[in-house]
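Peer 1: Requesting a structural model of the entry that follows:
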Amino acid sequence: MKIYAGVDITVKEEIEMNNQATIEKMNQMKLYGMAHAFKDTMETGMSKDFTADEMVAHLIDSEWEERRNRRLNRLIKLARFRYNAYFEQIDFSISRNLDKNLILRFSNCSWVEKKQNIIIEGPTGVGKSFLGTALGHQACMYGFKAMYSNALKLFSRLKMAKADGSYEKELKKIEKKDVLVIDDFGMQHLDNQSRLSLLEIFEDRHGRKSTVIISQLPASKWHEVIGDSTIADAICDRIIHSAFRIELKGESVRKRYGDLEQ
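Peer 2: Model (predicted):
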């Protein structure tokens with residue numbers, strides 16, 4: 001028994017005080033995963049099962065996993081995906097011209113590492129947005145920065161940025177993303193400002209970053225939507241010819257899944 005500040009304490013109480021002080025220090029150093037793991041091992045008595053080096057490895061692994069999860073959650077939050085769509089949820093049992101072997105090849109995100117693009121085409125409801133979002137989510141799982149945006153909202157935001165002087169800043173923000181997912185492309189014809197913005201985006205990303213384009217419109221008809229033939233040629237040259245093409249067909253899968261496409 002020892003005496004602290006005039007109070008008698010047992011050896012057990014002394015150990016608990018020391019452990020609590022250690023946990024507080026870990027939290028102050030923002031070692032939250034390590035602090036949680038250390039607390040658990042003390043409370044469950046698992047610490048007796050670890051050698052000193054095993055305990056250190058356990059604490060470091062816990063901290064690494066905690067930081068990885070925090071980063072992943074942050075990447076997903078910043079991406080602002082439309083759906084909570086994950087690669088494992090992609091349904092290959094539906095008849096819609098979805099090449100399973102091709103999609104599974106995308107799972108390791110080598111297409112992001114190689115700065116390659118993906119175009120997803122097909123009628124409404126066949127799961128284009130879900131698939132595109134799942135590809136973006138998978139990129140986040142591998143630590144890449146992603147951004148999801150509806151095409152109309154993207155062009156609207158860029159027009160507002162042009163008006164308030166933050167246009168270049170917005171373009172830089174887009175350029176820094178490893179994966180840009182543009183959904184519902186081709187829903188309306190582009191005006192001059194929008195087509196020039198799209199050209200700038202693709203010019204910045206060409207050969208440097210990956211882009212996923214989701215559209216009901218076949219790529220062969222993009223020239224009509226873009227408008228100006230010269231700019232349309234430049235845009236298509238930077239995205240279509242170097243892209244993987246996924247052409248979905250069939251009936252809407254919403255009959256099976258409701259509003260959540262698969």
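Peer 1: what about this protein, any weak spots by pLDDT?
Peer 2: Counting by pLDDT under 70, the chain has low-confidence residues at 1-9, 11-12, 254-262.
Peer 1: quick one, strands of it?
Peer 2: Counting by DSSP state E, one finds strands in the chain at the ranges 2-4, 7-9, 117-121, 146-150, 179-185, 210-215, 243-247.
Peer 1: What about residue 181, how many residues nearby?
Peer 2: Residue 181 is surrounded by 28 other residues when neighbours are defined as other C-beta atoms under 10 Å. The C-beta positions use only the backbone N, C-alpha and C, and glycine is treated the same way.
Peer 1: Distance of it relative to residue 118?
Peer 2: Between residue 181 and residue 118 the distance, using C-beta to C-beta, to the nearest Å, works out to 9 Å.
Peer 1: Need the overlap of contacts for those two.
Peer 2: Overlap of the contact sets of residue 181 and residue 118 (by C-beta atoms under 8 Å, 6 or more residues apart in numbering) consists of 132, 135, 211-212.
Peer 1: Kindly indicate which of these lies nearest residue 21.
Peer 2: residue 135 (46.8 Å; C-beta to C-beta).
Peer 1: my guess is the closest one meets residue 106, correct?
Peer 2: Yes - under the criterion of C-beta atoms under 8 Å, residue 135 is in contact with residue 106, at a separation of 6.1 Å.
Peer 1: quick one, what contacts residue 120?
Peer 2: For residue 120, the residues meeting the contact criterion (C-beta under 8 Å, 6+ apart) are 128, 131-132, 212-215, 246, 248.
Peer 1: Derive a ChimeraX selection command for the buried subset of those residues.
Peer 2: Selecting only the buried entries of the contacts of residue 120 in ChimeraX, with 16 or more other C-beta atoms under 10 Å as the criterion:
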select :128,131,132,212,213,214,215,246,248
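Peer 1: ok, of the contacts of residue 120, which one's closest to residue 163?
Peer 2: Relative to residue 163, and with distances defined as C-beta to C-beta, the nearest of those is residue 213, at 26.0 Å.
Peer 1: Okay, the closest one and residue 99: tell me how far apart.
Peer 2: 18 Å.
Peer 1: returning to that earlier point: and the strands of the chain as JSON lines, adding distance to residue 110?
Peer 2: As requested, the strands of the chain are exported to JSON lines (distance: least, C-beta to C-beta, whole Å):
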{"stretch": "strand 2-4", "distance to residue 110": "59"}
{"stretch": "strand 7-9", "distance to residue 110": "59"}
{"stretch": "strand 117-121", "distance to residue 110": "12"}
{"stretch": "strand 146-150", "distance to residue 110": "16"}
{"stretch": "strand 179-185", "distance to residue 110": "13"}
{"stretch": "strand 210-215", "distance to residue 110": "11"}
{"stretch": "strand 243-247", "distance to residue 110": "12"}
